[in-house]
Structure formats: C-alpha cells, structure tokens
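1. Coordinates only, no sequence provided:
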C-alpha cells in the first residue's frame with residue numbers, strides 16, 4: 001500500500017512539473033488596428049507619462065503610485081509602480097526605439113514575485129490607420145513556472161495584454 005501511495009505521489013509531482021514546463025517560457029502576441037496616424041499611436045506608447053491613459057493595470061488598481069524617471073521617451077526612461085498597498089512593485093524601462101516602427105520595454109517585477117518580462121510593440125501603417133502588434137515574452141524558473149501554471153498566469157496575461165490594447169485604441173480614437 002505504501003509503495004502505491006509513493007508511486008501516485010511521484011506520478012503527481014512529475015505531472016505537475018511537465019504541465020508547469022509549458023509556462024517556463026511564455027510568448028503572447030496581440031494586435032489591434034487603431035483609427036489614428038502612426039506618429040500619434042507611436043508617441044502614445046513611447047512616452048511613459050502617457051501610459052496611465054491606457055494602462056490595464058491602473059484600471060484594476062487605480063490607487064497605484066507611479067513615477068517616471070529619466071528623460072521620458074528616450075532609451076533608459078523608466079515607469080515605476082507600487083500597487084496593491086505595496087504588494088506589487090516594479091518598473092519598466094524603454095530599451096529599444098526604432099522610430100515609428102518598434103519599441104521594446106524590459107520590465108522588472110520585484111513583488112509579489114520576481115520576473116523580467118519584455119514587451120515589444122511593432123507599428124505598421126495601414127492607410128489612415130495604424131496596426132499595433134504587441135509581443136510579450138517571459139522566461140522563468142521551474143518554481144515560478146509551477147505557480148504560474150497553477151494560477152493560470154498565461155491566460156490572465158493574454159487577457160490583460162489584450163485589454164491594454166483595447167484601452168490604447170479607446171484613448172486614441
């Protein structure tokens with residue numbers, strides 16, 4: 001009987017590790033077409049002081065404390081947040097600018113867990129509209145992957161990122 005319990009426990013642990021392995025690397029891509037010129041859309045994303053206008057995180061936690069450091073809209077500018085009564089802490093930094101084409105932000109999440117996702121925004125003019133493609137990438141260790149799998153983090157991030165693009169569209173149209 002003891003061997004059966006141990007075998008079931010080991011099989012359960014292996015199953016969780018295999019399932020969690022699917023969240024060790026998360027790649028999500030969302031896109032939206034906005035009825036606004038390329039330069040206006042690009043600058044709405046580029047300038048971190050404008051992020052509160054379309055942040056899905058502020059929609060969830062409107063009491064977040066935010067600050068922008070560095071020269072906004074340039075490489076090295078950072079958007080810092082403290083939310084959920086100090087339980088959510090981190091910042092995102094603008095690390096790549098390809099004028100009117102691409103922006104890359106590296107995030108550093110310090111609380112409630114540590115993570116370093118990256119957001120890439122691609123901008124494609126389509127007539128009088130602008131298509132925005134958002135790419136989200138996150139690599140994590142096994143323990144974080146287990147918790148992300150257990151709590152459905154991938155699905156939550158997909159919904160949250162899509163909501164952010166909807167808010168961006170709403171802000172600009």
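-> Now that the structure is in, tell me what you want to look at. All values reported here derive from a predicted model rather than from experimental measurement. Residues are numbered from 1 along each chain as shown.
2. Strands along the protein, start to end?
-> For the chain, the strands defined by DSSP state E cover 25-34, 65-69, 78-83, 88-98, 102-111, 118-126, 129-139.
3. chain center to the second one, what's the gap?
-> What that stands for is strand 65-69. Relative to its chain's centre, strand 65-69 lies at 17 Å (CA atoms, centre = their mean, to the nearest Å).
4. sorry, back to before: of the strands of the chain, which approaches residue 42 most closely?
-> Residue 42 sits nearest to strand 118-126 of all the strands of the chain, at 5.2 Å, using CB to CB. In this view, the C-beta of every residue, glycine as well, is placed from N, C-alpha and C.
5. for the closest one, packing partners?
-> helix 38-46, strand 102-111, strand 129-139 (3 or more CB pairs under 8 Å, 6 or more residues apart in numbering; DSSP states H and E).
6. related to what we said a few turns ago, now the strands of the chain as TSV including mean pLDDT, distance to residue 153 and mean neighbour count?
-> Output for the strands of the chain, formatted as TSV (pLDDT from 0 to 100; distance: least, CB to CB, whole Å; neighbours: other CB atoms under 10 Å):
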stretch	mean pLDDT	distance to residue 153	mean neighbour count
strand 25-34	90	8	15
strand 65-69	96	23	14
strand 78-83	95	17	19
strand 88-98	96	14	17
strand 102-111	94	12	16
strand 118-126	97	16	16
strand 129-139	93	9	18
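7. could those strands go into JSON lines alongside distance to residue 58?
-> Below are the strands of the chain laid out as JSON lines (distance: least, CB to CB, whole Å):
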{"stretch": "strand 25-34", "distance to residue 58": "18"}
{"stretch": "strand 65-69", "distance to residue 58": "8"}
{"stretch": "strand 78-83", "distance to residue 58": "8"}
{"stretch": "strand 88-98", "distance to residue 58": "12"}
{"stretch": "strand 102-111", "distance to residue 58": "15"}
{"stretch": "strand 118-126", "distance to residue 58": "16"}
{"stretch": "strand 129-139", "distance to residue 58": "17"}
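8. For residue 59, which of the ones you listed is the nearest?
-> Residue 59 lies closest, by CB to CB, to one member of the strands of the chain: strand 78-83, at 11.6 Å.
9. got a pLDDT number for residue 116?
-> We have a pLDDT of 89 for residue 116.
10. how about JSON lines for the helices and strands packed on strand 118-126, with distance to residue 157 added?
-> As requested, the helices and strands packed on strand 118-126 are arranged in JSON lines below (distance: least, CB to CB, whole Å):
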{"stretch": "helix 38-46", "distance to residue 157": "18"}
{"stretch": "strand 102-111", "distance to residue 157": "11"}
{"stretch": "strand 129-139", "distance to residue 157": "6"}
